[in-house]
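S.K.: make a model of this:
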Amino acid sequence: MSIALADNRQAEKAGLRLAAALILLSALALLTLSLRQPQPEMEVALIFAPGTSQDAALIAVAEANGRTVRPGAWSNILVAVFPKELAWNELWEMGALVAVDPLAFGACLISDGADA
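M.R.: Below is the predicted model of the structure:
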């Protein structure tokens, strides 16, 4: 019986690893499909490095002549609008790791105002 129990546990662990891998791949696919280079006067969600304070993110957007539309669910996320197209290297120089469509991750990117 112990061999059958060990086999069941190994199969269960393998199933959990597969499920976790599929969740991670799905999230990466969604992120890839929602990447957006900032265009003039179009809202874009900027995701800064984890641990970036909201003040630092606000300053980075302002220094790039952007206007913050609203904060995200975490301090390292802001939805902003820029007067001109920004290249990916300009985003990285301002500290943004990625820019995405703000509606793609709706619940993750929009603050409910409870932390304001």
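S.K.: residues in contact with the spatially most central residue of the chain?
M.R.: Centroid-nearest residue in the chain, with Cα atoms, centre = their mean: residue 47, separated by 5.2 Å. Residue 47 makes contacts with 72, 76, 77, 96, 97, 98, 99, 100, as judged by Cβ atoms under 8 Å, 6 or more residues apart in numbering. From N, CA and C alone the C-beta is placed, and that goes for glycine too.
S.K.: again, only using 6 Å
M.R.: By Cβ atoms under 6 Å, 6 or more residues apart in numbering, the contact list for residue 47 reads 77, 97, 98.
S.K.: again, but for residue 25
M.R.: Applying Cβ under 6 Å, 6+ apart to residue 25 gives no contacts.
S.K.: right, and the helix or strand after the one helix or strand it maps to?
M.R.: Per DSSP states H and E, residue 25 falls inside helix 2-34. Downstream of helix 2-34, the first helix or strand assigned by DSSP H and E is strand 44-48.
S.K.: for the record, mean pLDDT for that following strand?
M.R.: Averaging pLDDT along strand 44-48 gives 91.
S.K.: please renumber the chain so that the first residue is 9 from this point on.
M.R.: All set: I'll call the first residue 9, so the last point we hit is now strand 52-56.
S.K.: just how off-centre is that strand within its chain?
M.R.: When distances are taken as Cα atoms, centre = their mean, to the nearest Å, strand 52-56 is centred 7 Å away from the chain's centroid.
S.K.: run through the bridge partners of residue 53.
M.R.: Note on residue 53: beta-bridge partners by DSSP bridges are residue 87, residue 108.
S.K.: quick one: low-confidence parts of this protein?
M.R.: 9-14, 38-43, 113-124 (pLDDT under 70).
S.K.: which parts of the helix or strand containing residue 69 are buried?
M.R.: Residue 69 belongs to helix 62-71 when assigned by DSSP H and E. Buried residues in helix 62-71, counted by 16 or more other Cβ atoms under 10 Å: 62, 65, 66, 68, 69.
S.K.: so whichever helix or strand comes after it versus helix 62-71, what angle?
M.R.: Later in the chain than helix 62-71, the nearest helix or strand by DSSP H and E is strand 75-79. Strand 75-79 runs at 150 degrees relative to helix 62-71, counting by axes from the mean of the first three to the mean of the last three Cα atoms, to 10 degrees.
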